[in-house]
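*Asks:* what's the 3D shape of this:
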Amino acid sequence: MKTQTNPASPNLTGPKLTGPKLAGTNSTCPDSACPVARALDVVGEKWTLLILRDLFRHDARRFQDFQTALTGIAPNTLSARLKSLEASGIVSRRLYCQHPPRPEYMLTDKGRALGPVLLALRDWGASHGTPE
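*Replies:* Numbering: from 1, shown residues only. Below is the predicted model of the structure:
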């Protein structure tokens, strides 16, 4: 059975392109070499983009700030996402209180480079997203 594809959308996995090719993608590369797959390894988990959105809205955020803003995120999930973003060099943390130690998080230069990506997602969501 032959599947139909949207001729306006890029085919990032198969050898044939049915629409415009994204610059820098190679349809035959393994996921580990694909720039889109590598980016999703860093920011593709649930909640990660919303954490980044909050960091773009505010210079620095504390754990409690994220919990308040991101209704429904479990503390262990938030902690895991922040640690992953820190390990990837997207966010950094500094202590604002020594006893007990309490960190606040901010974007690094590498994290700020994701700004155009979030703006594009925001614009796409405003134009094409379905409100729930």
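*Asks:* from here on, contacts and neighbour counts on C-alpha atoms
*Replies:* Noted.
*Asks:* Please give me every residue in contact with the residue nearest the centre of the chain.
*Replies:* When CA atoms, centre = their mean is applied to the chain, the residue found nearest the centroid is residue 43 (3.2 Å). Residues in contact with residue 43, defined by CA atoms under 8 Å, 6 or more residues apart in numbering, are 49, 85.
*Asks:* what about 7 Å?
*Replies:* With contacts defined as CA atoms under 7 Å, 6 or more residues apart in numbering, residue 43 is in contact with residue 49.
*Asks:* where's it relative to residue 107, distance?
*Replies:* Separation of residue 43 from residue 107 (CA to CA, to the nearest Å): 13 Å.
*Asks:* list residues touching both of these two?
*Replies:* Counting by CA under 7 Å, 6+ apart, residue 43 and residue 107 have no shared contacts at all.
*Asks:* remind me which residues of the chain are low pLDDT?
*Replies:* 1-29, 132 (pLDDT under 70).
*Asks:* can you pull out the helices in it?
*Replies:* Residue ranges of the helices in the chain, as given by DSSP state H, are 35-43, 48-57, 63-69, 75-87, 109-112, 115-128.
*Asks:* Need the contact partners of the second one.
*Replies:* The contact list for helix 48-57 (CA under 7 Å, 6+ apart) reads 43, 61, 81, 106-107.
*Asks:* Now distance to residue 115 too, for those, in JSON lines please.
*Replies:* What follows is the contacts of helix 48-57, written out as JSON lines (distance: CA to CA, whole Å):
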{"residue": "43", "distance to residue 115": "12"}
{"residue": "61", "distance to residue 115": "17"}
{"residue": "81", "distance to residue 115": "18"}
{"residue": "106", "distance to residue 115": "13"}
{"residue": "107", "distance to residue 115": "10"}
